Every structure is written in C-alpha cells, then in structure tokens.
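In: I need the structure of the sequence given here:
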Amino acid sequence: MNSIHSTVVVNDSVTLGHFNVIGENVKIGENVTIGNHVTIYDGTVIGNGVRIADGAVLGKQPSPGKTSTVKLSGAVAPLQLGDDVTIGTNAVLYAGSTIGSSTLVADLASVRENVEIGPECIVGRGVTVENYVKIGRRVKIQSNAYITAYTTLEDFVFIAPCVTTTNDNFMGRTEERFDKIKGAVVKRAARVGGASILLPGVVVEEETFVAAGALVTKDTEQKTVVKGFPAKPVRMVEERELL
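Out: Have a look, this model is predicted:
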C-alpha cells in the first residue's frame, strides 16, 4: 500500500512499488519508476524517465544540530531531479538541491541541501556531498569520497575512491574560522587519485593529475602530475591523456 497525497498526479506511465510515501505537491514526470519504501517529501520535482530505487529519501528538509555552522532561515526550496536521473538504494537527497539530467546518485550516497550537480555525473556508492557544493558536467565521484561544504568541482573532473576534501583549518575552534571556511576548487578535467586529501581552499588547476594518497596543501599548476606528502609536481601530464 502506498500513501500518496491527493495533490500528486501519477499518470499511467509511472511504475510504483510498495509502501511509498509521497508528500504534498510532488511533481512526477512520465515514465518514472519508483521502487519500494521510498519517501518523497513535499514539493519535490521529478523529471521524465527518472528511476528511484528502494528505500531512497528525496527532498528531506535539513535540520542542523545546535552547534552546527549551518544557519537556515525557514524551509529551503524543493529538491529537483532532471530527466533520466537514477537514484540508488537508500540514497538520501535533501531539499534545496538540483540534480542534472542523466546523472546517477548511487546506493547509500548522501547529497545535502543547496547543492548543484550538473548533467551526466556519477556520484558513487557511499559518497557524501555536503551543502553549498557546485558540481559541473560529466563529473565522476567514486565510492566513499567525501566532498565537503563549499567545494567546487568543474566539468569532467574525476574524483577517485575515498578522496577527502576539507574546508576548515581551525577544525571547529575559534570564531575567526567562520570567515575563512572554504572548500577546494577542482578545475576542468583535473583528476584526483584514491585516498588523496585536499586541504581547505586549494585550487587544483585544469588537467592536474593528483597521484593516489597525495596531500595537496598548495595550488597546483595546469597539466602537472603531483604526488607525495605534501604533494609536489613531478612531471607534466602526457599529451595523450589530456581532454
């Protein structure tokens, strides 16, 4: 049995599983598939051809903790999913975010409020995307990466598994930190290897290749390979690897 608010129109092209809860004024496009035990909160907009797997939660309103740095004034705008988006099992997507067409948000991933994800992206299994993140077109973020608040990933960026981005050099202490919180900027077609760490505010320039396990403490230069702890340039990226 499904619980669907009376304001929601579900046409004959939509496939519904069992035990779903769909809130007020949710908009569902054509040829949408919704699995079992899915919760879709008020106002969420779902494009045509979207597939939503079992247990997903869509359009959840944020509820920051008492000591959180996130300050909200009332409810944020509804979640919007573009055409042909795929949402994995037990993924959680908050209100206030937009997901571009043909993007995959995989099983167990979490996308916070005020996030922009462009078309044709992959947000892998168990990835966390915090608030105020901007992600461009055809970005690939692999399993268990952590994308901290205020990070920017430009078009064609590749983020390998278990990459960690950071945004606070004071790690939660002193009032001074509030004016200095800043995530990394990873520019067009840059690649960041597995288990690398990007420190607050670093700029990974276009076509940079960050080797696995590197600690990036300073801005990189375009088309360079950097590696080490801390990361240092070692050579140029080969021409055949450039977009």
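
In: tell me the phi and psi of residue 178?
Out: phi -60, psi -30 (degrees, to the nearest 10).

In: And the residue nearest the centre of this protein?
Out: Geometric centre of the chain, nearest residue: residue 129, 4.0 Å, by Cα atoms, centre = their mean.

In: Could you measure from it over to residue 236?
Out: Distance of residue 129 to residue 236, given as Cβ to Cβ, to the nearest Å: 31 Å. From N, CA and C alone the C-beta is placed, and that goes for glycine too.

In: One more: residue 22?
Out: Taking Cβ to Cβ, one finds residue 22 at 53 Å from residue 236.

In: Give me the number of neighbouring residues for residue 172.
Out: Close neighbours of residue 172, defined as other Cβ atoms under 10 Å, add up to 8.

In: Please apply the same query to residue 3.
Out: 10.

In: Could you do residue 28 as well?
Out: 24.

In: returning to that earlier point: and the residue nearest to the centre of the chain, what is it in contact with?
Out: 109-112, 115, 117, 123, 135, 141, 147 (Cβ atoms under 8 Å, 6 or more residues apart in numbering).

In: More neighbours: which of residue 22 and residue 236?
Out: Taking neighbours as other Cβ under 10 Å, residue 22 and residue 236 compare with residue 22 leading, 23 against 14.

In: Correct me if wrong: the more buried one contacts residue 6.
Out: No. Taking contacts as Cβ atoms under 8 Å, residue 22 lies outside contact range of residue 6: 10.6 Å.

In: Any stretches of the chain with poor pLDDT?
Out: Low-confidence segments of the chain (pLDDT under 70): 69, 71, 73.

In: where exactly do the helices run in it?
Out: With DSSP state H, there are no helices along the chain.

In: isn't residue 231 right up against residue 209?
Out: No. Residue 231 is beyond contact range of residue 209, at 10.6 Å (criterion: Cβ under 8 Å).

In: Name the residues contacting each of these two.
Out: By Cβ under 8 Å, 6+ apart, no residue touches both residue 231 and residue 209.
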